[in-house]
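A.B. asks: Sequence and predicted structure, then a few things I'm wondering about:
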Amino acid sequence: MLPAVLLAAGVLLCLYLFHWKFSVLVSTLFCYYVWKDLNCARPPKLSYQPNSPLCQKVIEACKILQEKYTPPLLWGRFGHVQTLVYGMRGRFGNLRSVESDRHSVVAVDGTTVYYDVFHPNQDTREHIMIVCPGIGSHSGARYIQSLVQHATSHGYRVAVLNHVGALGHTLTGSRIFSYGGIGDLTLMYEKLKEQYPQCKFIGVGISLGANILLRFLAEKPERQNDFVCALSICQGYDPVRALCSTQNGWNGFYNIGVTSGMLDIISRHRHQVLPLDTTSLTNQKDHSSPMKVIKLLSKLKLLLSGSSQVPSDQPSSNDRSFHELITSRDSNGFPLDSSSCEPVDVEGFSKAQMIQEVDEYYTRRVMGFRSVHELYTWSACAPLLDKITSLPLLLVNSRDDPLVKECLLSIANDYTKHNPNAIFLSTEHGGHLGFFEADMFIPRTTSWMDRLIVEYSTTILQC
């Protein structure tokens with residue numbers, strides 16, 4: 001669209017210079033067209049079984065499912081922009097502090113898992129919203145705080161899992177979180193059941209957290225009895241297919257951002273998670289800002305040219321099946337027999353700039369996978385979705401999400417054909433976790449995503 005806008009602007013400039021009266025009319029019509037086109041809000045697209053009584057009742061009662069989503073003027077229609085604004089700002093406005101308690105529970109491997117419980121002003125509901133955030137995130141992230149503020153103001157108690165390694169606490173074990181690991185979420189869930197035995201849960205998974213939440217619900221279907229509903233926001237369902245689209249081109253920019261976050265977490269806890277002398281790793285890392293910029297520009301040049309070389313995430317002849325992978329590991333993905341683990345490739349890891357490189361030189365080795373493809377295959381929730389049958393489930397994606405390509409949305413769409421309690425909602429705009437709302441340019445503090453989560457949950461409770 002941008003080249004067309006620039007071309008039209010050039011034409012209008014020529015008209016203005018040589019035929020100013022005519023150009024006034026053309027400019028007015030052009031501005032009206034741009035204004036109308038950029039602000040043509042549309043309701044989300046819904047996929048569900050039309051003969052499902054639950055879905056019909058929910059869609060009729062939950063008004064936000066039928067309302068038009070209105071992104072900010074001009075920039076809100078571009079998924080890349082919404083995603084970048086989310087990445088840099090999180091949410092707009094001032095977020096008030098919410099009363100909370102931090103809890104911890106120790107896993108069998110010695111790892112301490114932390115989670116925060118945020119309390120409503122008035123305890124009016126017997127339901128707890130369990131939130132599993134995005135990759136390497138925690139309860140202090142602004143997009144989580146925005147959701148917490150909105151949910152607690154509507155009477156919900158909110159429990160947020162802090163991914164292991166994301167907080168500043170020193171690790172008590174020798175691992176961080178994993179892409180498909182459900183052990184940490186399971187510990188929080190079991191502890192909450194002890195603390196609030198009368199309460200039912202609402203599951204909210206965001207990005208990678210949605211993948212973890214759905215794996216958690218599918219692994220033991222009886223857990224679904226403790227939940228009234230679940231929501232999956234902006235996940236890719238299948239890491240193998242999702243990461244293929246972030247290796248080259250502009251989408252590689254986001255890969256670099258995710259990689260930087262993972263490297264920060266691993267480097268911060270290197271004495272606990274790297275089973276080796278990290279002196280060489282520390283010395284090889286150049287933390288000077290000029291060198292970082294040079295390396296980033298160099299990597300972007302390779303990405304845009306399509307010549308970036310990353311470790312292959314394609315299957316090999318030695319890869320095991322999904323069933324073999326899930327039966328030989330603990331709930332966080334680590335092998336029951338640690339002899340399958342390999343030494344970390346320190347030299348490769350120290351130079352990693354793409355997430356596939358981090359996973360090849362570090363993650364798959366400490367987790368005992370034979371290849372990156374095996375790691376991603378094990379991590380996916382897509383093969384387990386059919387085990388979530390009785391629970392009302394809302395799957396949410398944006399069709400202009402640069403991290404989750406539209407081809408991946410067929411997984412969610414196909415799932416609704418087999419589950420009469422599932423709804424797949426896709427918006428035309430929103431980017432990755434953006435979903436900013438505004439009448440003009442500046443977004444509101446409460447995002448469309450926040451409103452959707454609370455309104456859908458409330459509707460389910462009333463149905």
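C.D. replies: Noted; the coordinates are in hand.
A.B. asks: got the contact list for Gln56?
C.D. replies: Taking Cβ atoms under 8 Å, 6 or more residues apart in numbering as the criterion, Gln56 is in contact with Pro50. Any C-beta I mention is one placed from the backbone N, CA and C, and that applies to glycine too.
A.B. asks: Can you say which helix or strand has it in it?
C.D. replies: helix 53-61 (DSSP states H and E).
A.B. asks: do the same with Leu46
C.D. replies: In this assignment (DSSP H and E), Leu46 forms part of strand 45-47.
A.B. asks: Give me the phi and psi for Asp319.
C.D. replies: Dihedral angles phi and psi of Asp319 (degrees, to the nearest 10) take the values phi -70, psi 140.
A.B. asks: What backbone torsions are found at Arg451?
C.D. replies: Here the main-chain torsion angles of Arg451 (degrees, to the nearest 10) amount to phi -60, psi -40.
A.B. asks: One more: Gly136?
C.D. replies: Taking degrees, to the nearest 10, you get phi 60, psi 20 for the backbone angles of Gly136.
A.B. asks: circling back to that earlier point, so which bits of the helix holding Gln56 are buried?
C.D. replies: Of all the residues in helix 53-61, those buried under the rule 16 or more other Cβ atoms under 10 Å are 54-55, 58-59.
A.B. asks: any idea which helix or strand comes after that helix?
C.D. replies: Remark: after helix 53-61, the chain's next helix or strand is helix 79-89, criterion DSSP H and E.
A.B. asks: Could I get the average pLDDT for that next one?
C.D. replies: The average pLDDT within helix 79-89 is 92.
A.B. asks: who touches the helix or strand that it is followed by?
C.D. replies: Next helix or strand after helix 79-89 toward the C-terminus (DSSP H and E): strand 100-106. Counting by Cβ under 8 Å, 6+ apart, the neighbours of strand 100-106 from elsewhere in the structure are 112-119, 139, 172, 187-188, 191, 195.
A.B. asks: repeat that with 6 Å
C.D. replies: Strand 100-106 is touched from outside by 112-118, 187, 191, with contacts defined as Cβ atoms under 6 Å, 6 or more residues apart in numbering.
A.B. asks: neighbouring contacts of whatever helix or strand comes next after it?
C.D. replies: Following the chain from strand 100-106 toward its C-terminal end, the next helix or strand by DSSP H and E is strand 112-118. Around strand 112-118, the neighbours that count as contacts under Cβ under 6 Å, 6+ apart are 98, 100-106, 139, 148, 152, 158-162, 172, 184, 187-188.
A.B. asks: Show me how to select, in ChimeraX, the buried members of these.
C.D. replies: Typed into ChimeraX, the line below selects the buried ones among the contacts of strand 112-118, using 16+ other Cβ under 10 Å:
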select :98,100,139,148,152,158,159,160,161,162,184,187,188
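A.B. asks: now the residue positioned nearest the centre of the chain, nearest residue through space, not along the chain?
C.D. replies: In the chain, the C-alpha closest to the average C-alpha coordinate belongs to Ser207, at a distance of 1.6 Å (Cα atoms, centre = their mean). Here the nearest residue to Ser207 in space, its sequence neighbours aside, is Gly134; by Cβ to Cβ, 6 or more residues apart in numbering that works out to 3.6 Å.
A.B. asks: ok, now Arg451?
C.D. replies: Sequence neighbours aside, Ile64 is the residue nearest to Arg451 in space, at 5.9 Å (criterion: Cβ to Cβ, 6+ apart).
A.B. asks: The one you found: how many residues sit nearby?
C.D. replies: The tally of other residues near Ile64 (other Cβ atoms under 10 Å) stands at 17.
A.B. asks: can you pull the contacts of it?
C.D. replies: The neighbours of Ile64, taking Cβ under 6 Å, 6+ apart as the test, are 451-452, 455.
A.B. asks: likewise His429?
C.D. replies: The neighbourhood of His429, defined by Cβ under 6 Å, 6+ apart, consists of 71, 77, 400.
A.B. asks: ok, now with 10 Å
C.D. replies: Applying Cβ atoms under 10 Å, 6 or more residues apart in numbering, we find His429 in contact with 41-42, 69-72, 76-79, 81-82, 398-401, 435-436, 448.
A.B. asks: Among the residues you listed, name the buried ones.
C.D. replies: With burial judged by 16+ other Cβ under 10 Å, the buried subset of the contacts of His429 is 69-72, 76-79, 81-82, 398-401, 435-436, 448.
A.B. asks: Domain-wise, how is this protein divided?
C.D. replies: Each structural domain of the chain that the record assigns through automatic domain parsing is listed here as a residue range: 60-238+390-462, 246-379.
A.B. asks: Low-confidence stretches in the protein?
C.D. replies: By pLDDT under 70, the weakly predicted segments of the chain are 1-40, 123-124, 244-250, 275-317.
A.B. asks: Now with 80, please.
C.D. replies: The chain contains residues with pLDDT under 80 at 1-41, 122-125, 243-252, 275-327.
A.B. asks: what are the ranges of the strands in it?
C.D. replies: Per DSSP state E, the chain has strands spanning 45-47, 100-106, 112-118, 127-132, 157-162, 200-206, 227-233, 393-398, 422-427. These are given in chain order.
A.B. asks: Give me the residues contacting the first one.
C.D. replies: Outside of strand 45-47, the residues within contact range by Cβ under 10 Å, 6+ apart are 55, 59, 65-66, 394-395, 399, 409, 412-417, 422-428.
A.B. asks: Name the residues of that strand that come out as buried.
C.D. replies: When burial is assessed from 16+ other Cβ under 10 Å, strand 45-47 yields the following buried residues: Ser47.
A.B. asks: Quick check: can you name the pairing partners of that strand and their directions?
C.D. replies: strand 422-427 (antiparallel) (DSSP bridges).
A.B. asks: how deep is Cys341 tucked in, by neighbour count?
C.D. replies: Applying other Cβ under 10 Å, I find that Cys341 has 16 neighbouring residues.
A.B. asks: that older thread, and the domains of the chain as TSV, adding distance to Gln49?
C.D. replies: Rendered in TSV, the data for these read as follows (distance: least, Cβ to Cβ, whole Å):
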stretch	distance to Gln49
domain 60-238+390-462	5
domain 246-379	27
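A.B. asks: Tyr48 is nearest to which of those?
C.D. replies: With Cβ to Cβ as the measure, domain 60-238+390-462 is the member of the domains of the chain nearest Tyr48 (4.5 Å).
A.B. asks: Can you give the distance of the closest one from its chain's centre?
C.D. replies: On the basis of Cα atoms, centre = their mean, to the nearest Å, domain 60-238+390-462 is displaced by 9 Å from the centre of the chain it belongs to.
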